[in-house]
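[1] only geometry, no sequence info:
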């Protein structure tokens, strides 16, 4: 195995008006330099595009 390292950059943008109107839940949280992904709500897990 190699000793290479991978760096990942994550940018979380503010919710837009449509997302706010739909009460969309943000599933990405930043805690310092750590990115936390929340589980998807059950209604969105059934596949398909959530748009």
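    Now that the structure is in, tell me what you want to look at. It should be emphasised that the depicted structure is a prediction, and the values quoted were computed from it without experimental measurement. Numbering: from 1, shown residues only.
[2] and residue 36, what element?
    Taking DSSP states H and E as the definition, one finds residue 36 inside strand 34-37.
[3] Give the other helices and strands that that strand contacts.
    Judged by 3 or more Cβ pairs under 8 Å, 6 or more residues apart in numbering; DSSP states H and E, the packing partners of strand 34-37 are strand 28-31. (C-beta placed from N, C-alpha, C; glycine too.)
[4] The strand it packs on pairs with which strands, and in what direction?
    Strand 28-31 sits in its sheet next to strand 34-37 (antiparallel), going by DSSP bridges.
[5] how much space between residue 15 and residue 21?
    Distance of residue 15 to residue 21, computed by Cβ to Cβ, to the nearest Å: 10 Å.
[6] quick one, which of these two is more surrounded?
    Legend: neighbour count by other Cβ atoms under 10 Å for residue 15 and residue 21, higher for residue 15 (14 against 9).
[7] Where does the prediction get shaky in the chain?
    For the chain, the stretches flagged by pLDDT under 70 are 1, 43-51.
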